[in-house]
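Asks: Just need the structure, nothing else, for what follows:
(chains A and B)
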Amino acid sequence: GAVVSQHPSWVICKSGTSVKIECRSLDFQATTMFWYRQFPKQSLMLMATSNEGSKATYEQGVEKDKFLINHASLTLSTLTVTSAHPEDSSFYICSARDQRAGTPNEKLFFGSGTQLSVL
Amino acid sequence: QKEVEQNSGPLSVPEGAIASLNCTYSDRGSQSFFWYRQYSGKSPELIMFIYSNGDKEDGRFTAQLNKASQYVSLLIRDSQPSDSATYLCAVNDYKLSFGAGTTVTVRA
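Replies: Residues are numbered from 1 along each chain as shown, chains lettered A, B, ... in the order given. You can find the predicted model right below:
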């Protein structure tokens, strides 16, 4: 089946630094990728929809200048947490839709997630 | 985002028993419904999806959908300790909206 690779798996950084998370679709092209955030014992919250070649669409309450998304190719989307603070510590997960499948809804594949800890 | 409600649990069942998980959603126009399993520190993995009213069975899992009541459930038969995880209900018309998840513990 299709695979979505997310890197790094975990990162620890100092407050005020920026962290970049990569999400790659390994064997399919993804014009759309989704970025989620999950705090402990809470559900996944959609942050933004990443669109190849155009600006990302952010959910209400998500600061686009703080969470920079770049989807420059059909297989790579990146999320950069700028000037990270302890409250940004969370589990970030990307997902990508395999549009080869024909029936899009269930063909959504998740990356393995990135645990971000900001000191 | 669409509201998706789940009982957070924890739901504790003995090995071999049936675990029953429930989910309600707010948008009557929703068409696609998913159940994901998530182990601690891992990303979700798809268990079942259902589009039509009624039951859908896949191995030990059965999803049930009632659009009139805006209700979707998941039954896990012959529960195994490896089924211990958090189960997320999700609703999708293009992008997924997740419930908070129900934590299931299967006692050996």
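
Asks: dump the residue contacts of residue 86.
Replies: Since you didn't name a chain, this refers to chain A. A:Ser15, A:Val118, A:Leu119 (CB atoms under 8 Å, 6 or more residues apart in numbering or on different chains). For every residue, glycine as well, the C-beta is placed using N, CA and C.

Asks: Correction: the question concerned chain B.
Replies: Contacts of B:Thr86 (CB under 8 Å, 6+ apart): B:Arg37, B:Gln38, B:Tyr39, B:Ser40, B:Gly101, B:Thr102, B:Thr103, B:Val104.

Asks: Leaving out the residues flanking it, which one is nearest to it?
Replies: Nearest non-adjacent residue to B:Thr86, counting by CB to CB, 6 or more residues apart in numbering or on different chains: B:Gly101, 4.2 Å away.

Asks: Tell me how many other residues crowd the one you found.
Replies: 26 (other CB atoms under 10 Å in any protein chain shown).

Asks: Tell me how far it lies from A:Lys20.
Replies: 28 Å (CB to CB, to the nearest Å).

Asks: Just name the closest of the contacts of A:Pro86 to chain B, please.
Replies: A:Val118 (17.6 Å; CB to the nearest CB).

Asks: The closest one pairs with what?
Replies: A:Cys13 (DSSP bridges).

Asks: and if you look at B:Phe49?
Replies: Counting by DSSP bridges, the residues bridging with B:Phe49 are B:Phe34.

Asks: sorry, back to before: ok, and the most crowded of the contacts of B:Thr86?
Replies: Counting by other CB under 10 Å, top hit in the contacts of B:Thr86: B:Gly101 with 26 neighbours.

Asks: Retrieve the pLDDT associated with that residue.
Replies: Reading off the confidence values, B:Gly101 has pLDDT 93.

Asks: In this structure it contacts B:Ala90, no?
Replies: No. Using CB atoms under 8 Å, B:Gly101 is not in contact with B:Ala90, being 10.0 Å away.

Asks: any chance you could read off phi and psi for B:Ser69?
Replies: When read as degrees, to the nearest 10, the backbone of B:Ser69 gives phi -90, psi 0.

Asks: List the contacts of it.
Replies: B:Ser69 sits in contact with B:Thr24, where contact means CB under 8 Å, 6+ apart.

Asks: Next: A:Thr17.
Replies: A:Ser83, A:Ala84.

Asks: what's the distance between it and A:Ser83?
Replies: Using CB to CB, A:Thr17 is found at 8 Å from A:Ser83.

Asks: And for A:Gln60?
Replies: Counting by CB to CB - A:Gln60 and A:Ser83 are separated by 21 Å.

Asks: The two: which is more packed in?
Replies: The neighbour count for A:Gln60 versus A:Ser83, taken as other CB under 10 Å, is higher for A:Ser83 (12 against 5).

Asks: Right, I'll leave it there.
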